Structures are given as C-alpha cells and as structure tokens.
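J.: Please find the sequence and the predicted model below.
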Amino acid sequence: MGVFSSSQLSKLGLPFQSQAVSWLKKCLCRLKFKRLSLAAVGFLTVSSVITMSAPFFLGKVIDVIYTNPSEDFTDSLTSLCALLSGIFLCGAAANATRVYLMQTAGQRIVKRLRTTMFSSILKQETAFFDKTRTGELINRLSSDTALLGRSVTENLSDGLRAGAQASVGVGMMFFVSPSLAAFVLSVVPPLAVLAVIYGRYLRKLTKMTQDSLAEATQLAEERVGNIRTVRAFGQEVAEMEQYTNKVDYVLQLAKKEALARAGFFGATGLSGNLIILSVLYKGGLLMGSAYMTVGELSSFLMYAFWVGISIGGLSSFYSELMKGLGAGGRLWELIERKPQLPFNEGITLDKDTFRGALEFKDVEFAYPTRPETSIFKDFSLSIPAGSVMALVGPSGTGKSTIISLLLRLYDPISGTITVDGFDIRQLNPLWFRTKIGTVSQEPILFSCSIAENIAYGAEDPSTVTAEEIHKVAEIANAASFIRDFPKGFDTVVGEKGILLSGGQKQRIAIARALLKVNQHPNSYLTTFALDAENEYLVQEALDRLMEGRTVLIIAHRLSTIQNADFVAVLGQGKILECGKHEELLANPNGLFRKLMKKQAFLQNSDTFALDLQSREKDVLKENV
Ligand SMILES: Nc1ncnc2c1ncn2[C@@H]1O[C@H](COP(=O)(O)OP(=O)(O)OP(=O)(O)O)[C@@H](O)[C@H]1O
C-alpha cells in the first residue's frame, strides 16, 4: 500500500484496518490484479516522467528564445516544439491507459469485496441476525465496499502519481537551484503535521457518517418494506420526520467534514501560492545577481507549481485513503467474523442409518439476545420415526423455538437433541436441513415468479423441470389458482409474496416444501396446524405432505390436531403431558382434556374473543 503497512496499523490499534490492508495486498498480488497493477504502474511511470520532464524542456525552449536569436532559430524552435508535442501526446496516452486500468482493477476489487462479504454474511449464525440490523448490512455491502474499492485503486493510482511527481519535482528543484529549493521546502514539515491531524479526524468522522447512514438506510428499508402497516396506522408523517432526523445527523457530520476539508485545502492552497510567491521573490534576487537564467527560473517555477499541485493531490489522496480505511475497518469486522455455529461441517448419515427418530433430552435453552430469560429447562420429548407429534401450549411457551432448535438455528445451553441416536451437533447442519421441510404459519416467498419460488425447495433450483413444479403444485392444491393467473406459473408474487392471498401463499409454500422433502426419504416436516374450517384446501394439501413422514405440528387451535399420533402439552419450559390423542382425552384429570374443554367452551360461547391464551395459562397453573 505504500502509505501504511498492516503491522503499522495493527500497532496503531487498528486491527481491522490492518486485516483490510493485508487482504487488499493479497488481492492485488493475485496474478490478474498483479498484471493489471503492474501495467498501471508502468503507464504511471511513463506519464509522470514525461510530465515532470516538461518544465525542464520548456525552460530550455525559453532559453532558446532568449539567448539564440540566430538564423536557424525558427527551425530549431519548430523542431523542439514538434518533438515536445509528440512526447506530450505519448504522456497523455499513458495517463489515459493508467486511469482505465486502475478503474477496472478498482471495480474488480469491489466485486470481490462484495462477494466475500455476502458469503460471510450468509454464513453467520441466526443469533447474529437477531442482533444486527439488515439496513446496516446492506449499507456495508453497497456503500462501504465502493468506498474502500475506490480508495485503494483510483485514489491510490492518483496518490502514487502525485507522490512520484512531488518527489521528482523536488529533485528537479534541487537540480535547478539547490539554495532556492532548500528555502522553498522549509514550509513542507508544518504541512505534513497538519495532514496527519486532519487524516485522523477524517477517519473518525467517516466511521460515524457510515454508521449513521446505515441507521437511516435501515429505517427506510423497514418502513418502505412494510408500507401497508405504516399506512394502516397513518404514520407516514411521523416516519418522514424520523427519517429526516436521521439524515439531518448525516448532514451535520457531512458539514463537519466539509469544514475540515475546507480548512485543510484552504491551508494547502495558501501554502502553494506562498511557495510560488517566495520562489519569485528569491529567484528574482538570484537572477538579479546572475546566479540563474530566466529559463532556469521558469523551469523552477513550473516545478514548484507541479510540486504544489502534487502536494494538493497527495492531501486529497490521504483524506480519501483515511475514508477508505474507516470503511475498511467496518467491513473487516464482518468479513473476519467466525460464525458461532458451523455452516457446512460435520458428519452426514447414510440412507440406511437415517430413519428420522427424534429425541430432545433435558434441553435447557435461552435466546442469546436474552440469556437471562430461560425458555426451556429439562425439556424432554421423543418423536418416533414416521409419527406425527402435535405440540400444544399457550402463546410464548416456546413451540416455534423447538423448530428453531431442530433446524439448528440455535444450540441448546445444555442437554442434547438426537436424530437416530446421533447428537445433531455432530451432524453437518447444511445436510441435516435438507431433510427438514418447513411450512410456517406466515410463509415468506421471494419476489420472483411462482415457478421460481416452488423450485427454491430443490437442492439445485436450476435443475428443476416445469413438470416437477406442476406436479407438486397439483398435490399442494395450488395448480388451479396458479393457472387462473394470466401469466400462470410465471406470475411474479411481489415482495414477500404480497400479491397473493394468505391461503395461496400457504399452498405455494407447501408445494415448495414438497419438492424438498420428496428428494429425501425419511425426511421431517415441521409445520403449523392451520384452521381447517377456513382453509380446507390448504389443510388437505398439508395432509398429503405429511404422509409417511416424521412430523412435528405446532398447534394453536386444539381442534386442528385430531390426526396426530401423539400430543405433547408444553408449559413452563418443559413437556407437562404427552401421549396418544385419545388416551390424553380419555384421562378425566388430564391437562390436555381440560385445555380442550376450555377451548370448546370458549368457542361455543360469545366470549370467544376473550383472551384464550391467558385462560390456557390459568389451566396450566392450576395443574402444575
Ligand atoms: N429471536 C428471539 N430472541 C429472543 N427471544 C425470542 C426470540 N424468538 C422468540 N423469543 C421469545 O421466546 C419465547 C418463546 O417464543 P416462541 O415463538 O417459541 O413461542 P410460541 O409458543 O411459538 O408462541 P406462539 O404460540 O405465540 O406462536 C417468547 O417469550 C419470545 O418472546
């Protein structure tokens, strides 16, 4: 990188910036980048040498004009100017090629950064997403990567050019007139101190700006994504105010940056002008004492001018680099983050070993974001292979959490979850999840076509044929309504499937799950019991999906689980009662029977709208 080495940044207490620099070095050392960068540096050298030799030769031209009024004066002046024009043309071509190569290399780095970052995000454990806001991640993916990429390529190339020109310029100034050069350069050290202070301030400011921009993006993304809720509550004006406050803060930070920039660039501009003035003053005195020719003074002035411009370029390079490092630190925190749960490691079971028997044993669990609130204590449940287990219990007792534990979105604090006797922590999560089909209460579809949404269930969606899609849609009772759409299976469903009804979304989700579980014998199915009376077609599709599988049904309404082989009543972090549906109902003092009676009573009475869940809780309290 030339400016800072990764070890220096590490010593400065900037570990993520140091990792960013090492990664970029590695990236630039890859063959493709290496060739590109070497070619760019080659063109940069050519263009800089030409630019920096110009003042020297222009000085010679001036001396020819002043001191050689001979007969062949016109010829020599013409040929000198023609030669110089040719050389300048080559310089311009070399410079243009350098800019092109550096910009291309920059875009490649941005692309690599984005893909590395996206894959790192996707591999993080679920608890990470509970804590991190989506808008922040999107901002890092789009804006921070662009900032860092630009900073290390286009900006680096401009900075290198400015650095090379400044050093050659200084060398030439000493060559033309050492005493004048020493006098002029006495102003550089104070400028360097100013640049360092400014750079540090700018880096801090950039981090704050990017963070607050991420907050604004998060707010906008969430509210625009849920515009129906915002509209239903009439909160448009309040949301606008909230967003304005957030971007106001970004503006305040931008103003601070503008102020710092203004001061810094003002100071460097003033120093540049003072340098030129001092050259004229001191040079005039030297010329008066015949120590310098007019051509030499002109060359010196041009070099001083170039050095001034290059120092200006260096200062803007420095400030852009600091911005890039500010963004780079934020990116590296994420890219280097090791997921706390494995992504694609562990054993896989062969067809004969994998039967689908499931057992939760003495499981204790609390969500990582709320470690003090225990969800399960001594939770034990056994689901024989091929059976249908319905889980009932009041709201918030952890029914959905069981599915999250099974999918290994989280790990229990203690206790084990076993599959055919194997602890799921030994199993490869990526493989194990292929064995679980899930139909959630409010399925999420992606904003693409119905066919693409169904194909998402397959291990490789690109290989799924139209026939397969139509077949599962048929079994899921979805084919007829899909064909009624003018574009059929190519109908786009909108963000999160917003352009479809709830029941239609359910049936597409069932078709998607069907495609998944059909590819895997003995697979599981986790689902939510639906209200069969309202959605007969959905329930029928679900029943077909359940055939011959180990099924875990989460039931909110007790009337929806009559077909289950076993029923487990969940409460106070454990299973309070478990058995066959009829057996539990037959037990006169059983908890399940009491819950059923209570619900039946409520359903038959006008007070059904009363808080059903709190009554369920009362029943549990009475019995525990
Ligand atoms: N990601 C999360 N982070 C922290 N706490 C959570 C998270 N998800 C759920 N909880 C909490 O865990 C508890 C159990 O939630 P869960 O969704 O499993 O209950 P449930 O029995 O399925 O409820 P319902 O019947 O209302 O759907 C609740 O108190 C809930 O607030």
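T.: Yep, it's here.

J.: Ramachandran angles for Val464?
T.: Here is the backbone geometry of Val464 (degrees, to the nearest 10): phi -80, psi 130.

J.: tally of neighbours for the residue nearest to it when sequence neighbours are not counted?
T.: The spatial neighbour of Val464 that comes closest, neighbours along the chain excluded (Cβ to Cβ, 6 or more residues apart in numbering), is Ala455 at 4.2 Å. Heads up, the C-betas are built off the backbone N, CA and C, glycines and all. The local packing of Ala455 (other Cβ atoms under 10 Å) involves 24 other residues.

J.: which residues touch Ala455?
T.: Neighbour list for Ala455: 461-462, 464, 469, 515 [criterion: Cβ atoms under 8 Å, 6 or more residues apart in numbering].

J.: Now, those residues that are in helices?
T.: Residues from these lying in helices, with DSSP state H as the criterion: 469, 515.

J.: give me the subset of the contacts of Ala455 touching the ligand.
T.: When Cβ under 6 Å from any ligand atom is applied, no member of those is adjacent to the ligand.

J.: From the contacts of Ala455, list the buried ones, please.
T.: Buried positions within the contacts of Ala455, assessed by neighbour count (16 or more other Cβ atoms under 10 Å), are 464, 469, 515.

J.: Between those, which sits nearest the ligand?
T.: Set against the ligand, the nearest of those by Cβ to the nearest ligand atom is Leu515 (25.8 Å).

J.: Tell me where this protein has strands.
T.: Taking DSSP state E as the test, the strands found in the chain are 358-366, 374-383, 388-392, 414-419, 422-423, 436-439, 524-528, 550-555, 566-571, 574-580.

J.: who wins for proximity to the ligand among those?
T.: Closest approach to the ligand among the strands of the chain (Cβ to the nearest ligand atom): strand 374-383, 5.2 Å.

J.: which other helices and strands contact the closest one?
T.: Identification of packing neighbours for strand 374-383 by 3 or more Cβ pairs under 8 Å, 6 or more residues apart in numbering; DSSP states H and E yields strand 358-366, helix 399-406, strand 414-419, strand 574-580.

J.: Run through who's touching the third one.
T.: This points to strand 414-419. Strand 414-419 is contacted from outside by 349, 354, 356-364, 378-380, 405-406, 423-425, 427, 432, using Cβ under 8 Å, 6+ apart.

J.: Now do that strand and strand 524-528, the angle between them.
T.: Angular relation of strand 414-419 and strand 524-528 on a 0 to 180 degree scale: 110 degrees, by axes from the mean of the first three to the mean of the last three Cα atoms, to 10 degrees.

J.: Buried residues, strand 414-419. List them.
T.: For strand 414-419, burial by neighbour count (16+ other Cβ under 10 Å) applies to 415, 417-419.

J.: C-alpha coordinates for that strand, PDB please?
T.: Output of strand 414-419 as PDB, limited to C-alpha atoms (Å, rounded to 0.1, in the frame of the first residue of the first chain):
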ATOM      1  CA  SER A 414     -27.200 -28.000  27.900                       C
ATOM      2  CA  GLY A 415     -28.900 -31.300  27.100                       C
ATOM      3  CA  THR A 416     -29.000 -33.000  23.700                       C
ATOM      4  CA  ILE A 417     -31.100 -33.300  20.600                       C
ATOM      5  CA  THR A 418     -30.500 -36.600  18.800                       C
ATOM      6  CA  VAL A 419     -31.500 -37.900  15.500                       C
END
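
J.: Okay, now the sheet partners of it, with direction.
T.: Here strand 414-419 is paired, per DSSP bridges, with strand 358-366 (antiparallel), strand 422-423 (antiparallel).

J.: For the ligand, what's the nearest residue on the stretch 1-150 of the chain?
T.: Minimum separation of the stretch 1-150 of the chain from the ligand (Cβ to the nearest ligand atom) falls at Asp130, amounting to 4.7 Å.

J.: same deal with the stretch 401-550 of the chain?
T.: Thr401 (3.5 Å).

J.: And that residue, what's its pLDDT?
T.: In the prediction, the pLDDT value recorded for Thr401 is 92.

J.: Next, work out how far apart the closest residue in space to it that isn't next to it in sequence and Phe305 are.
T.: Once its chain neighbours are removed from consideration, Thr401 has its nearest residue in Ile375; the separation is 5.4 Å (Cβ to Cβ, 6+ apart). Using Cβ to Cβ, to the nearest Å, one obtains 71 Å as the distance from Ile375 to Phe305.

J.: tell me which parts of the stretch 251-400 of the chain are close to the ligand?
T.: Counting by Cβ under 6 Å from any ligand atom, the residues of the stretch 251-400 of the chain close to the ligand are 367, 369-370, 375, 395-400.

J.: So in the chain, which helix runs the longest?
T.: Scanning the chain for the helix with the most residues, using DSSP H, yields helix 236-288.

J.: Show me what it is packed against.
T.: Applying 3+ Cβ pairs under 8 Å, 6+ apart, one finds that helix 236-288 makes contact with helix 178-184, helix 188-225, helix 294-335.

J.: just for the stretch 151-300 of the chain, where's the confidence low?
T.: Low-confidence regions of the stretch 151-300 of the chain, defined here as pLDDT under 70, cover residues 187-189, 191-192, 272.

J.: Pick out the residue of it closest to the ligand.
T.: Taking Cβ to the nearest ligand atom, the stretch 151-300 of the chain has Glu222 as its residue nearest the ligand, at 16.5 Å.

J.: Not counting sequence-adjacent ones, nearest residue to that residue?
T.: Among residues not flanking Glu222 along the chain, Gly135 sits closest, at 7.0 Å (Cβ to Cβ, 6+ apart).

J.: related to what we said a few turns ago, can you say which of the strands paired with strand 414-419 is packed in most?
T.: Between the strands paired with strand 414-419, strand 358-366 has the highest mean count of neighbours, a mean of 18, where neighbours are mean count of other Cβ atoms under 10 Å.

J.: Give me the angle between that one and strand 550-555.
T.: 40 degrees.

J.: what sits up against strand 358-366?
T.: When contacts are taken as Cβ under 8 Å, 6+ apart, the neighbours of strand 358-366 outside the stretch itself are 372-383, 385, 398, 401-402, 405-406, 410, 412-419, 524, 550, 552.

J.: In CSV, could you pull the C-alpha coordinates for it?
T.: Taking C-alpha atoms only, strand 358-366 is exported to CSV below (Å, rounded to 0.1, in the frame of the first residue of the first chain):
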residue,chain,number,x,y,z
LEU,A,358,-36.0,-37.6,17.1
GLU,A,359,-35.3,-37.0,20.8
PHE,A,360,-34.9,-33.9,22.9
LYS,A,361,-33.2,-34.8,26.2
ASP,A,362,-33.0,-32.5,29.3
VAL,A,363,-32.7,-29.5,27.0
GLU,A,364,-32.1,-26.1,28.5
PHE,A,365,-32.2,-23.1,26.3
ALA,A,366,-32.3,-19.3,26.4
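
J.: roughly how far is it from the heart of the chain?
T.: Offset of strand 358-366 from its chain centre (Cα atoms, centre = their mean, to the nearest Å): 33 Å.

J.: Just want the angle from that strand to strand 574-580.
T.: Relative orientation of strand 358-366 with respect to strand 574-580: 160 degrees, computed using the same axes, to 10 degrees.
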